[in-house]
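Visitor: pasting the structure only:
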């Protein structure tokens, strides 16, 4: 799939913003099982390029590829997730998320499809061992497993550097933040920043919960805009994604004044187009404690 073809098809999916749909690039890893990844994490798909060694690459990487003059680190996805493979990894899926660009080798690329977010189910529980799926769904009666490429990359990279010190904000009055993210790790990361800033927060795990909570506040006579200085929301969530949550907030007169910051691993240009379309106030790619703190501080200073 050439870059222009992929971009054209992704551009069509941008029109789905606010309709709680998920566009997936489907691929295989050598067997019959179909896997998927959010197309907004995909830059392009190429035939397998020549790989070269780079001394500074972590041990889990096969090497690097020269993609349009840029050295892109490459992982064999089947090997990284422990998936048996009986075929050659013939294609490179170049991805961008969490502020980095990397490639994953796969055996075959199928197509791009879009599905309803509510049709995505949590992955099956496999005990306490970590797994590499964010969810499962079906398309034309075929099971699709959604690969947690963020976890795959995190496991291949060295541990993150120590947390930065964040200076508290000196603000009077109640400054509460609504945090919406299906990842416990991400919620804890955000809460750590808010704690250092001296702010309180309410934490919810998906967009549907958040919207119901905000509507219940309004129905009870409380003004959500006065209670919450801002909403910090992930984008990729089950039940209701962050795009749809933002769109629903903007449609409701009782909620439309809420300040919404989308905080997500989706850092590509297509995500910026979606963010603008649904009416979010700001967007911060995961994960920079300092940048997140700066954006929160900027929002709070505008309230004084």
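Guide: Noted; the coordinates are in hand. None of these values were measured; they are calculated from a predicted model.

Visitor: which SS state does residue 78 fall under?
Guide: helix (DSSP: H, G, I helix; E, B strand; the rest coil).

Visitor: I'd like to know how many residues surround it.
Guide: Residues near residue 78, counting by other CB atoms under 10 Å, number 22. All C-beta atoms are positioned from the backbone trio N, CA, C, and that covers glycine.

Visitor: Residue 100 pairs with what?
Guide: Beta-bridge partners for residue 100, by DSSP bridges, are residue 97.

Visitor: Is it in contact with residue 154, as I believe?
Guide: No. In this structure residue 100 lies outside contact range of residue 154 using CB atoms under 8 Å: 10.6 Å.

Visitor: Now the residue nearest the centre of the chain. Nearest residue, chain neighbours left out?
Guide: The centroid of the chain falls nearest to residue 265 when counting by CA atoms, centre = their mean (3.8 Å). Nearest non-adjacent residue to residue 265, counting by CB to CB, 6 or more residues apart in numbering: residue 97, 4.3 Å away.

Visitor: And the pLDDT for the one you found?
Guide: At residue 97, the pLDDT value in this model is 86.

Visitor: Test my guess that it contacts residue 152.
Guide: No. At 10.9 Å, residue 97 does not count as touching residue 152 under the criterion of CB under 8 Å.

Visitor: the strands in the stretch 201-304 of the chain, which residues?
Guide: Along the stretch 201-304 of the chain, the stretches classed as strands by DSSP state E, counting those that start in this stretch are 228-233, 260-264, 282-285.

Visitor: higher neighbour count, residue 97 and residue 152?
Guide: residue 97 (24 against 18).

Visitor: Any figure for the gap between that one and residue 285?
Guide: Distance, residue 97 to residue 285, by CB to CB, to the nearest Å: 8 Å.

Visitor: got the residue ranges for the helices in this protein?
Guide: 3-14, 77-80, 149-156, 184-197, 207-219, 224-227, 242-251, 269-278, 289-303 (DSSP state H).
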